[in-house]
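*Asks:* Give me a model of this one.
(chains A and B)
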Amino acid sequence: MIEIRWHGRGGQGAKTVSQLLAGAALRRGRYVQAFPEYGPERSGAPVKAFNRLDTKEIRLHCGVYEPDIVVVLDPTLLHAREVRVTEGLKRHGLLLVNTAQTPEEIRALTGFSGRIITLDAEALARSVGARFSNVVMLGAVARVLGEISVEDVEHEFAHAFGEKALATNIAALHAGFAAVDARAERSEASL
Amino acid sequence: MRVATEQKRLTLITGAEAAAHAMRQINPDVVPVYPITPQTPIIETFAQFIADGQCDTEIINVESEHSAMSAAVGASCAGARVMTATSSQGLALMLEIVYIAASMRCPIVIAVGSRALSGPINIHCDHSDSMMARDAGCVQIFAENAQEAYDLMIIAQRLAEDRRVLVPVMVMQDGFTITHSAEPVALLPDESVREFVGQYEPLYPLLDTDRPTTQGPFALPDYYFELKRQQVDALEAARTVWLELQERFAETSGRRYEGFFEEYKLSDAEYALVILSSTAGTAKVVIDRLRRKGVKVGLLKPWLFRPFPAEEIAQALAHAHAIAVLDRAISFGSWGPMYLEISAALGRYLHEKPVLYNYIYGLGGRDTPPESIASVVTDMQNELDPRVLRYLGLRE
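*Replies:* Below is the predicted model of the structure:
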């Protein structure tokens, strides 16, 4: 089983991308869960969303404590006092951060010893005319997981986005997917 | 790959959406509603289905849950098929009229997103709301996951409307943990659900002006007691009807809810856990882990809490050395509600009783990770004093 924790801020679509990822993995024949953590819901407040992906039925219905992958949608969360993005992250896990900084800089900042991938999702989103960078990060996660194709995620987009937003979101997805490809990064984590 | 083909039939939806799909396919005549977290997405999704023309239910937006249940009783007495949904304070406000719905034998299906009762105010899951409504005269069914929440809503409709039963049926799913968590669910074809629930034929519809009836009159010491006795019979009959419906549902869906409760690796278990709803799923993972270490532990997960299948549960647990009942509600000054049921069941039906423990867990949404559940089994192995009420994941 692979467990993923998404860190974002209210309104950035952490819950949405966790559900899109689950939908795409379900297309690949995986068992999935996607659930957000609910607290006082305020736009801009730190929020978390979670995924579980497995080849067999998932019966766990408790929180995720030791994720294999942590995705940081908003780089300001790395400095937020109330959030520790590497909490419980498996030592051999993966930290995927939307930032213009390098993995070395993120390592120095977080002290995380495992694998770190950074991509400037904001810039990539802007370059394709997309409003939100979360879909770029979704593309990166799909690429890292290896078994989920970009087409699987695109299928999910058809339900999630209106006609107008669909093309830019697909472009953003591809941008995220390709960004990880360019780094020739593959996760050791496997479905 | 087998998994892949099976998965293609599955839709990724939340438990709340699953309940809303069941409602869409049942297409009740009237749904009076008032929103409350974490039930709101049930009714939100259902309202969208109506707006999209996928069903033609009359939604009545009311000003409170008290009014929602009052409207539900009115519509049900008029002869309509009625459903509603609520949580926590909503159920508390509704409860006065839920008793009346039960006594007037209104087969209303109530979807409940389980949530702690105030105070202090809290939006997260526990079972204090449904346990508060335990004695109202409704059938109470607990779902583990989104799939069960969907299936059991469909079964509930037929169960409520069976003429041997005719009482409200509450279908509980854990707030947020299930209502807001997206999981794969196998939806039945619309026509299969419609065929399963059939056409509702009310017994004494108020709108039948050729056969006028008086409904909801006074019953003083002369008749009240007999009417209560009839409610006892209705809940008793619900047991038989439940078993019949499970046969039919298995034919319709290929999914079988065998008996009144699920047994997981229980038949040879020395240590048994009894848990309702979503935490039972986590317990199965714990049981698999402990079994690999040679610990003989199993689970009993009731679907049906009212009527309580006391004799069957006692027999299923009789061989265990020790049993731990995990309650997600508490009766202050006493013990957990399910513990009291099981304790009475063992006392009534068994000569040699297993050691019985009670743990209160998860109040107000406190998470219950696998380690917490495993610690209960360790406690049983260490033969801790069973006369002490214990708590899981509590700071003391």
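
*Asks:* so which helix or strand takes in the closest residue to residue A:129 other than its chain neighbours?
*Replies:* Nearest residue to residue A:129 in three dimensions, chain neighbours excluded: residue A:168, at 5.0 Å (CB to CB, 6 or more residues apart in numbering or on different chains). Backbone N, C-alpha and C define where each C-beta goes, glycine included. Assigned by DSSP states H and E, residue A:168 falls within helix A:163-182.

*Asks:* Enumerate the residues of chain A near chain B.
*Replies:* Within reach of chain B by CB under 8 Å from any CB of the partner chain, chain A has these residues: A:19, A:22-23, A:26-36, A:38, A:55-56, A:58-63, A:65.

*Asks:* go with 6 Å
*Replies:* Applying CB under 6 Å from any CB of the partner chain, we find that chain A lies next to chain B at A:19, A:22-23, A:26, A:29, A:33-35, A:38, A:59-63.

*Asks:* Output the contacting helices and strands for the helix or strand hosting residue A:15.
*Replies:* Assigned by DSSP H and E, residue A:15 falls within helix A:14-27. Helices and strands touching helix A:14-27, as assessed by 3 or more CB pairs under 6 Å, 6 or more residues apart in numbering or on different chains; DSSP states H and E, comprise strand A:2-9, strand A:31-36, strand A:46-54, helix A:134-145, helix A:150-160, strand B:10-14, strand B:182-186.

*Asks:* What are the structural domain limits within chain B?
*Replies:* For chain B, the structural domains run B:9-190+B:215-253, B:261-391, going by automatic domain parsing.

*Asks:* Can you measure across the longest one, start residue to end residue?
*Replies:* Using CA to CA, to the nearest Å, the end-to-end distance of domain B:9-190+B:215-253 comes out at 12 Å.

*Asks:* in stretch B:199-211, what counts as buried?
*Replies:* The neighbour-count check on stretch B:199-211 (16 or more other CB atoms under 10 Å in any protein chain shown) flags B:200, B:202, B:205-206 as buried.

*Asks:* In CSV, could you pull the C-alpha coordinates for it?
*Replies:* Extracted as CSV, the C-alpha positions of stretch B:199-211 are listed here (Å, rounded to 0.1, in the frame of the first residue of the first chain):
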residue,chain,number,x,y,z
GLN,B,199,-43.8,0.2,-5.6
TYR,B,200,-44.7,1.4,-2.2
GLU,B,201,-48.3,0.6,-1.3
PRO,B,202,-49.3,2.4,1.9
LEU,B,203,-51.7,0.6,4.2
TYR,B,204,-53.9,3.4,5.3
PRO,B,205,-53.1,6.5,3.2
LEU,B,206,-54.8,9.7,4.6
LEU,B,207,-55.5,10.8,1.0
ASP,B,208,-57.6,7.7,0.4
THR,B,209,-60.9,9.6,0.9
ASP,B,210,-63.0,6.5,0.2
ARG,B,211,-61.5,4.9,3.3
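
*Asks:* Quick check: the residue of chain A nearest chain B.
*Replies:* With CB to the nearest CB as the measure, residue A:29 is the residue of chain A nearest to chain B, at 3.1 Å.

*Asks:* Next to chain A, which bits of chain B? Give me the list.
*Replies:* Chain B comes close to chain A at residues B:3-4, B:7, B:12, B:176-177, B:181-184, B:278, B:281-282, B:284-285, B:367-369, as judged by CB under 6 Å from any CB.

*Asks:* Do you know the pLDDT at whichever residue of the stretch 101-250 of chain B sits closest to chain A?
*Replies:* Chain A sits closest to residue B:181 of the stretch 101-250 of chain B, with a gap of 3.8 Å, by CB to the nearest CB. We note a pLDDT of 97 for residue B:181 in this prediction.

*Asks:* give me the beta-bridge partners of the residue lying closest to it once chain neighbours are set aside?
*Replies:* Leaving out its chain neighbours, the residue that sits closest to residue B:181 by CB to CB, 6+ apart is residue A:35, at 3.8 Å. Beta bridges link residue A:35 to residue A:50, judged by DSSP bridges.

*Asks:* Tell me how many other residues surround residue A:35.
*Replies:* Here the count is done by other CB atoms under 10 Å in any protein chain shown, and residue A:35 has 26 residues near it.

*Asks:* Please apply the same query to the one 4 residues further on.
*Replies:* For residue A:39, the neighbour count with other CB under 10 Å is 13.

*Asks:* I'd like the distance from it to residue B:123, if you could.
*Replies:* Going from residue A:39 to residue B:123 by CB to CB, to the nearest Å gives 9 Å.

*Asks:* same question, residue B:220
*Replies:* 42 Å.

*Asks:* So the two - more neighbours on which side?
*Replies:* residue B:123 (21 against 6).

*Asks:* Of the residues of chain B next to chain A, keep whichever come out buried.
*Replies:* For these, a burial check counting by 16+ other CB under 10 Å picks out B:7, B:12, B:176-177, B:181-184, B:278, B:281-282, B:284-285, B:367-369.

*Asks:* which phi and psi does the nearest residue to residue A:89 once chain neighbours are set aside have?
*Replies:* The shortest distance from residue A:89 to any non-neighbouring residue, by CB to CB, 6+ apart, is to residue A:70 (5.0 Å). Phi and psi for residue A:70, reported as degrees, to the nearest 10, are phi -120, psi 130.

*Asks:* biggest helix in chain B, by residue count?
*Replies:* helix B:224-253 (DSSP state H).

*Asks:* now the angle between strand B:182-186 and that one, please.
*Replies:* In terms of direction (axes from the mean of the first three to the mean of the last three CA atoms, to 10 degrees), helix B:224-253 departs from strand B:182-186 by 80 degrees.

*Asks:* what packs against helix B:224-253?
*Replies:* Judged by 3+ CB pairs under 6 Å, 6+ apart, the packing partners of helix B:224-253 are helix B:146-161.

*Asks:* And the pLDDT for residue A:187?
*Replies:* Turning to residue A:187, the model gives it a pLDDT of 43.

*Asks:* hmm, back to that, reformat the helices and strands packed on helix A:14-27 into TSV and put distance to residue A:122 next to each item.
*Replies:* Putting those into TSV (distance: least, CB to CB, whole Å) gives the following:
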stretch	distance to residue A:122
strand A:2-9	13
strand A:31-36	22
strand A:46-54	18
helix A:134-145	8
helix A:150-160	20
strand B:10-14	28
strand B:182-186	27
